[in-house]
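K.L.:
below is the sequence, then the predicted model.
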There are 2 protein chains.
Amino acid sequence: MAAAQTSPIPEPRIPLSKERVLKTAVVLADQGGIETLTMRKLAQELGVEAMSLYHYVAKKDDILDGIVELVVREINETVSNLNLSPGLDDWKRAMRARILAARQVLLTHRWAPDVLETRTSGSLEVMEYVDGLLRIFKEGGFSYDAAHHAMHALGSRAFGFAQELFEPDGEDDSERDPTAGLEDMADRFPHIVEMLAQISHNDPDSTLGWCDDQTEFEFGLDLILDGLDRLRGAR
Amino acid sequence: MAAAQTSPIPEPRIPLSKERVLKTAVVLADQGGIETLTMRKLAQELGVEAMSLYHYVAKKDDILDGIVELVVREINETVSNLNLSPGLDDWKRAMRARILAARQVLLTHRWAPDVLETRTSGSLEVMEYVDGLLRIFKEGGFSYDAAHHAMHALGSRAFGFAQELFEPDGEDDSERDPTAGLEDMADRFPHIVEMLAQISHNDPDSTLGWCDDQTEFEFGLDLILDGLDRLRGAR
DNA sequence: ACCTGAACACCGTTCAAGT
DNA sequence: ACCTGAACACCGTTCAAGT
């Protein structure tokens, strides 16, 4: 028993490393959201004191950079398996497939869009992803100048997400009538009330629970891609 | 002198009010960015202790809600002066003018887009703005169903801003060569390097310093509006 | 080289107390 | 009714110290 104290069950003391820190951070953010990712909680999850983390990272911002990098790497690995060789005429299909694949990855890391938006610097993984998009544009017949405008037009949609104006309700839809309390507002917001009355936001599969749903995302994406395709032809 | 102590120079003790708190918060955010807006700093600016604020506001989040509301009200006042009566055929011009006017207001409150995105609830001012957009769509010949899709496609662009993938450099452009250090990356990111080489990001008026510049914003906006106009015709 | 404990300078917020 | 002081429960981070 005393011996057990000095050479006990190995106590799987995996050494800390930047990679282990970052991967744990991703798991934590996936589980509890990015706001629950604190240096103290992260350290605790790793069985260590908060200050130990500063041996692998200079500041918390480095961790945010790092976890975004991990996610974008995951995106890059995913899209590299798509094996698309875009010809002149199906650049749109290739672009669409790439962006929707990126979106699927982001849907497993719901904090990622918000954090990605706060990272000003283009990391290596981000550059690699963008380079792949540019390749599709170029092989699709776009000039680099046109491709540049196109990237701006896509904005965050290039990564598979779009900022919505309203959140997707959050609470149980079952409990809430979308038109509740709007009768009294009918004179102030007649068009909103009328729109809600007509469509009632009732697509049965509109419960992705993220900031936009798949159908609307694809609608906006196709609108932009079609527009770009038309510009390409005009040149 | 002793009298001056008991009934001194009026000491313009403007009473606190929710409106004064919010307006001061906007000024503070305009000056130092949203991250410098703390309850303690805001109270200090008002010549009061931090805890006094909780008589006008239940939590800091209410302040964020409130200052967004003030900004969107400013937008609504601005666009209501546009005096557009969109006909069937220039709905696009009306929409464009409205959105670009909103953008001008947001450019004076650079923190606003980020905060706006975090507000999940559609406030009254936001609803009023959206209702105005829906009116333009409707009078332009869109069904409410089409207008609903259109709003999703616009996303944050409806308010005049778009999330960019990279920040606009930040530092002095004069000190930085956009192609610096990219020669060694030419094999890893050939398309990015080539694109930068060709366009060098050198539009002389691309220094708006916000998350996107005016030309690119309008390009993306027109792309979407043109696409929507085409859909409208197809219906 | 790697990890820690105590401390600092901040947060938002609660609570009981002052006028 | 309005404002305050002290305190609490958190942050990220510095620093000197342990092994």
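P.N.:
Alright, I've got the coordinates.

K.L.:
rest of the way, CA atoms for contacts and neighbours
P.N.:
OK.

K.L.:
what about residue A:127, how many residues nearby?
P.N.:
17 (other C-alpha atoms under 10 Å in any protein chain shown).

K.L.:
need the nearest residue in space to it, chain neighbours excluded.
P.N.:
residue B:189 (7.1 Å; C-alpha to C-alpha, 6 or more residues apart in numbering or on different chains).

K.L.:
how about the contacts made by that neighbour?
P.N.:
Contacts for residue B:189 (C-alpha atoms under 8 Å, 6 or more residues apart in numbering or on different chains) come out as A:127-128, A:131.

K.L.:
residue A:165 now?
P.N.:
Contacts of residue A:165 (C-alpha under 8 Å, 6+ apart): B:117, B:120, B:122, B:152, B:155-156.

K.L.:
list the contacts for residue A:119?
P.N.:
A:65, B:166.

K.L.:
quick one: it from residue B:109, how far?
P.N.:
From residue A:119 across to residue B:109, the span is 20 Å (C-alpha to C-alpha, to the nearest Å).

K.L.:
thinking again about what came up before, and the residue nearest to residue A:127, how close does it get to residue A:72?
P.N.:
Using C-alpha to C-alpha, we find residue B:189 at a distance of 15 Å from residue A:72.

K.L.:
same check on residue A:66?
P.N.:
10 Å.

K.L.:
looking at the two, which is more packed in?
P.N.:
Set residue A:66 next to residue A:72 and count neighbours by other C-alpha under 10 Å: residue A:72 wins out with 25 against 21.

K.L.:
how close does the closest residue to that one other than its chain neighbours sit to DNA strand C?
P.N.:
Once flanking residues are discounted, residue A:72 sits nearest to residue A:125: 5.9 Å by C-alpha to C-alpha, 6+ apart. Going from residue A:125 to DNA strand C by C-alpha to the nearest atom of the strand, to the nearest Å gives 26 Å.

K.L.:
what helix or strand is residue A:125 on?
P.N.:
Under DSSP states H and E, the secondary-structure element containing residue A:125 is helix A:124-139.

K.L.:
what helices and strands are in contact with that helix?
P.N.:
Judged by 3 or more C-alpha pairs under 8 Å, 6 or more residues apart in numbering or on different chains; DSSP states H and E, helix A:124-139 is in contact with helix A:60-80, helix A:91-106, helix A:144-154, helix B:190-199.

K.L.:
one more time with 10 Å, if that's ok
P.N.:
helix A:60-80, helix A:91-106, helix A:144-154, helix A:214-234, helix B:190-199 (3 or more C-alpha pairs under 10 Å, 6 or more residues apart in numbering or on different chains; DSSP states H and E).

K.L.:
quick one: contacts for the residue of chain A found nearest DNA strand D?
P.N.:
Relative to DNA strand D, the nearest point of chain A is residue A:38 (3.3 Å; C-alpha to the nearest atom of the strand). Listed by C-alpha atoms under 10 Å, 6 or more residues apart in numbering or on different chains, the contact set of residue A:38 reads A:25, A:28-29, A:44, A:50, A:60.

K.L.:
and it, its phi and psi?
P.N.:
When read as degrees, to the nearest 10, the backbone of residue A:38 gives phi -120, psi 160.

K.L.:
quick check, pLDDT for it.
P.N.:
Residue A:38 carries a pLDDT value of 98.

K.L.:
so where's chain A uncertain?
P.N.:
A:1-13, A:84-89, A:167-183, A:200-212, A:234-235 (pLDDT under 70).

K.L.:
flag every residue of it that's near DNA strand C.
P.N.:
A:15-16, A:48-52, A:55 (C-alpha under 7 Å from any atom of the strand).

K.L.:
one more time with 6 Å, if that's ok
P.N.:
A:15-16, A:48-49, A:51-52 (C-alpha under 6 Å from any atom of the strand).

K.L.:
out of the residues you listed, which sit inside helices?
P.N.:
Applying DSSP state H to these, no entry is found in helices.

K.L.:
buried subset of these?
P.N.:
Neighbour counting with 16 or more other C-alpha atoms under 10 Å in any protein chain shown marks none of the residues of chain A next to DNA strand C as buried.

K.L.:
what count of nearby residues applies to residue A:97?
P.N.:
15.

K.L.:
next up, the contacts around it.
P.N.:
A:79, A:82, A:84, A:91, A:103.

K.L.:
which one (most neighbours) among the residues you listed?
P.N.:
Going by other C-alpha under 10 Å, residue A:91 tops the contacts of residue A:97 with 24 neighbours.

K.L.:
hang on, the earlier thing: which of the contacts of residue B:189 lies closest to residue B:34?
P.N.:
residue A:127 (28.7 Å; C-alpha to C-alpha).

K.L.:
what does chain A have sitting close to DNA strand D?
P.N.:
Near DNA strand D, when you scan chain A using C-alpha under 6 Å from any atom of the strand, you find A:38-40, A:50-51, A:59-60.

K.L.:
max pairwise distance over these: which two?
P.N.:
A:40 and A:59 (12.9 Å).

K.L.:
what's the overlap in contacts for these two?
P.N.:
residue A:53.

K.L.:
list the contacts for residue A:233?
P.N.:
When contacts are counted by C-alpha under 10 Å, 6+ apart, residue A:233 touches A:141-142.

K.L.:
pull up the gap between it and residue B:217, please.
P.N.:
22 Å.

K.L.:
likewise for residue A:158?
P.N.:
Distance of residue A:158 to residue B:217, given as C-alpha to C-alpha: 15 Å.

K.L.:
repeat that for residue A:140.
P.N.:
Counting by C-alpha to C-alpha, the gap from residue A:140 to residue B:217 is 23 Å.

K.L.:
any residues in contact with both of residue A:66 and residue A:72?
P.N.:
residue A:123.

K.L.:
for ChimeraX, write the select line for the buried members of the contacts of residue A:38.
P.N.:
In ChimeraX, this line selects whichever of the contacts of residue A:38 come out buried by 16+ other C-alpha under 10 Å:
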select /A:25,28,29
